[in-house]
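Student: Could you work out the structure for the sequence below:
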Amino acid sequence: LHFMMSNYGKSMSDIDHTLQLEPRHFGALSGMAQILRNTGKKESALRAWQRVLDIYPMMRNAQNEVATLSEELAGEGI
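Tutor: Predicted structure coming up:
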């Protein structure tokens with residue numbers, strides 16, 4: 001609910017709690033990655049999406065996000 005209301009601080013707190021209980025919760029990691037991207041933290045978002053793929057390699061959304069963020073970050077380095 002916090003995420004849907006763009007209350008990212010409280011949402012990240014919920015995510016942190018979830019990951020303490022279950023570090024491989026790919027849904028929580030996906031939410032974290034989306035928040036990081038939405039707040040302009042692309043490198044951290046990329047790392048979070050890569051963690052999602054470590055757990056769930058066939059998650060199409062995570063694959064797409066890793067590809068997109070990698071391209072965006074490569075372009076920013078030019």
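Student: can you give me the helices for the chain?
Tutor: Counting by DSSP state H, the chain has helices at residues 8-21, 26-38, 42-55, 60-76.
Student: Highest mean neighbour count out of the ones you listed?
Tutor: For the helices of the chain, the largest average neighbour count (mean count of other CB atoms under 10 Å) is found in helix 26-38, namely a mean of 20. All C-beta atoms are positioned from the backbone trio N, CA, C, and that covers glycine.
Student: With mean pLDDT and distance to His2 added, can I get the helices of the chain in a markdown table?
Tutor: What follows is the helices of the chain, written out as a markdown table (pLDDT from 0 to 100; distance: least, CB to CB, whole Å):
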| stretch | mean pLDDT | distance to His2 |
| --- | --- | --- |
| helix 8-21 | 96 | 4 |
| helix 26-38 | 96 | 10 |
| helix 42-55 | 98 | 17 |
| helix 60-76 | 95 | 20 |
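Student: In space, not sequence, find me the middle residue of this structure.
Tutor: Against the mean C-alpha coordinate of the chain, by CA atoms, centre = their mean, the closest residue is Ala33 at 1.2 Å.
Student: How much space separates it from Arg24?
Tutor: Between Ala33 and Arg24 the distance is 15 Å, computed by CB to CB, to the nearest Å.
Student: Could you do Ala45 as well?
Tutor: With CB to CB as the criterion, Ala45 and Arg24 are 19 Å apart.
Student: now His17
Tutor: Using CB to CB, His17 is found at 15 Å from Arg24.
Student: so who does Glu43 touch?
Tutor: Shown in contact with Glu43 (CB atoms under 8 Å, 6 or more residues apart in numbering): Leu73.
Student: Any figure for the gap between it and Leu69?
Tutor: Distance of Glu43 to Leu69, given as CB to CB: 8 Å.
Student: isn't Arg37 right up against Glu72?
Tutor: No. Arg37 is beyond contact range of Glu72, at 9.6 Å (criterion: CB atoms under 8 Å).
Student: which ones are touching the closest residue to Ser44 other than its chain neighbours?
Tutor: Spatially, and ignoring its direct neighbours in sequence, Ser44 is nearest to Leu36 (4.5 Å; CB to CB, 6 or more residues apart in numbering). Neighbour list for Leu36: Lys42, Ser44, Ala45, Ala48 [criterion: CB under 8 Å, 6+ apart].
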